[in-house]
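Student: predicted model follows, preceded by the sequence.
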Amino acid sequence: MNHWLVKSEPFKYSWDKFNEDGRTFWDGVRNYQARNNLREMKEGDLVLFYHSNEGKAVVGIAKVVREAYQDPTTDDTNWVVVDLSPVESLKNPVTLEQIKADEQLKDVGLVRQGRLSVMALKREEFDRILELGN
């Protein structure tokens, strides 16, 4: 199993709205590296949901429930989506400030490539963020 982090601006698509919907396809990715990460996601992979811009915190855990397929919001075959479902909210959101201050997370993609919207996480990074959130 692989571990991931996806970013969403809460005013566009929040964790609360995601939980209300129960499932969504992750669209709007127009960066090749992020797109390649979507293509690597496998059913059952776990995904941290991060509120970007406002809040700047990991707020929940989702899982991949359908692997990459053509993005239905565009005819351009370069772009794909995956389907995600929420698993659980973190007891305490883990802020970007906390992540940056944690020695175990100094190399996490969220710190190194802050603008990337879909990124891989090492198992240890994923677990450490969950530890900080509980």
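Tutor: The structure has been received and is ready for your questions. Source: prediction; values computed, not measured.

Student: going forward, measure contacts between C-alpha atoms and count neighbours the same way
Tutor: Will do.

Student: chain center to the helix or strand bottoming out on mean pLDDT in the chain: distance?
Tutor: Lowest on mean pLDDT, DSSP states H and E among the helices and strands of the chain sits helix 109-112, with a mean of 92. Mean C-alpha position of helix 109-112 versus that of the full chain (CA atoms, centre = their mean, to the nearest Å) differs by 13 Å.

Student: if we look at it, which residues are touching it?
Tutor: 99-100, 116, 119-121 (CA atoms under 8 Å, 6 or more residues apart in numbering).

Student: including pLDDT, distance to residue 90 and secondary structure, could these go into JSON lines?
Tutor: Formatted as JSON lines, the contacts of helix 109-112 follow (pLDDT from 0 to 100; distance: CA to CA, whole Å; DSSP: H, G, I helix; E, B strand; the rest coil):
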{"residue": "99", "pLDDT": "97", "distance to residue 90": "15", "secondary structure": "helix"}
{"residue": "100", "pLDDT": "96", "distance to residue 90": "18", "secondary structure": "helix"}
{"residue": "116", "pLDDT": "93", "distance to residue 90": "22", "secondary structure": "coil"}
{"residue": "119", "pLDDT": "97", "distance to residue 90": "19", "secondary structure": "strand"}
{"residue": "120", "pLDDT": "97", "distance to residue 90": "19", "secondary structure": "strand"}
{"residue": "121", "pLDDT": "97", "distance to residue 90": "17", "secondary structure": "strand"}
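
Student: what residues sit buried inside the least confident helix or strand of the chain?
Tutor: In terms of neighbour count (16 or more other CA atoms under 10 Å), helix 109-112 has its buried residues at 109-110.

Student: ok, now stretch 41-53?
Tutor: Neighbour counts using 16+ other CA under 10 Å place 41-52 of stretch 41-53 among the buried residues.

Student: list the contacts of it.
Tutor: 1-10, 14-15, 56-68, 82, 126.
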